[in-house]
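1. Any chance you could fold what I've pasted below:
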Amino acid sequence: MNNKYRRLLDGTNSDNDFWPTFTDLLATILLVVILIMVTTTIHNENVTKAMQDEIAKGKTELEDRVKKIEEQEEQIAMLTGIRKDIVSKFEEEFKKTNLDIEIDKETAAIKFNADLLFETGKAEVRPEFKEQLKTFIPIYFNVLYKENEEHIAEIIVEGHTDDVGSYMDNLDLSQKRAYNVVRYILSDEFGDFPFKAEVVKDITANGRSESQLKKKDGNVDRQKSRRVEFKFRLRNFATDESI
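-> Residues are numbered from 1 along each chain as shown. As a prediction, this is how the structure comes out:
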């Protein structure tokens, strides 16, 4: 009988050894679950904060872009107004002369008919054109620079031909014509005129060959295609470009 009770007592001791071990296991599992929940919460908070930071950054960038676009639009509106004023002054001043020129109301480009400026196929400036330039140049640059000097980015003298002959021959001819006009304007022969020092820094000569032909009723108007144009570009301070 003593052996019987001893076995019962030994069995009870075995059960008591089991329950503390199981409790520890449950506690460990619970701790792991809590750690996972805490980690997930912290991660979600970090993700949320990162998203909020990205949204705030995107909003700031968008506001900066909108502001820049508004500044550019204001600058373009101002330059458009300046160009219109220049066109009006061109029309007013050149109306007082006998010059045979055309003023583009949109671009302010001024066109001379090349038939009066050069011999056919030649690039030397004719005496008749030189006389026209002596009247034209002082008025043209006085209107441009007197009130708008800081806005003038470039002065362009363009030579244009018709479509007779090859493109490259016409390119060479139109470039030489534009160059000879500029060379004459800046020469000692021409003499001084208002804002000449500024013009020297800003003026360029470009040959356009037959790339911008004038048409009438769908057909090439060769007489109007042969021309020299005076153009200018205004400086856009918002983008540091010219228009």
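2. Next, count neighbours for the closest residue to residue 172 other than its chain neighbours.
-> The spatially closest residue to residue 172, leaving aside those adjacent along the chain, is residue 207, at 7.2 Å (CB to CB, 6 or more residues apart in numbering). To be clear about C-beta, it is placed using only N, CA and C from the backbone, and glycine gets the same treatment. Using other CB atoms under 10 Å, residue 207 has 21 neighbouring residues.
3. same thing with residue 120?
-> Should you count by other CB under 10 Å, residue 120 turns out to have 8 residues around it.
4. go on, residue 183?
-> Residue 183 is surrounded by 13 other residues when neighbours are defined as other CB under 10 Å.
5. Quick check: which element contains it?
-> helix 167-185 (DSSP states H and E).
6. Can you spell out which helices and strands pack onto the helix or strand following that helix?
-> Later in the chain than helix 167-185, the nearest helix or strand by DSSP H and E is helix 196-202. For helix 196-202, the elements it packs on are helix 127-148, strand 152-160, judged by 3 or more CB pairs under 8 Å, 6 or more residues apart in numbering; DSSP states H and E.
7. in the next helix or strand after helix 196-202, what counts as buried?
-> In the C-terminal direction, the helix or strand that comes right after helix 196-202 (DSSP H and E) is strand 203-207. Buried residues in strand 203-207, counted by 16 or more other CB atoms under 10 Å: 203, 205, 206, 207.
8. And stretch 206-220, by the same measure?
-> For stretch 206-220, using 16+ other CB under 10 Å, the buried residues are 206, 207, 208, 209, 210, 213.
9. How about residues contacting that stretch?
-> The contact list for stretch 206-220 (CB atoms under 8 Å, 6 or more residues apart in numbering) reads 156-163, 167-168, 170-179, 221, 224-225, 227.
10. Please, a PyMOL command that selects the buried ones among those?
-> If you want just the buried ones from those in PyMOL, going by 16+ other CB under 10 Å, the selection is:
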select buried, resi 156+157+158+159+160+161+162+170+171+172+173+174+175+176+177+178+179+224+225+227
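11. Any regions of this structure where pLDDT drops low?
-> 1-27, 38-47, 49-56, 58-59, 62-63, 114-115, 237-243 (pLDDT under 70).
12. ok, now with 80
-> Within the chain, the ranges that satisfy pLDDT under 80 run 1-76, 78, 113-116, 236-243.
13. just to revisit the earlier point, turn the helices and strands packed on helix 196-202 into TSV, columns for distance to residue 71.
-> Formatted as TSV, the entries for the helices and strands packed on helix 196-202 read as follows, by distance: least, CB to CB, whole Å:
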stretch	distance to residue 71
helix 127-148	20
strand 152-160	18
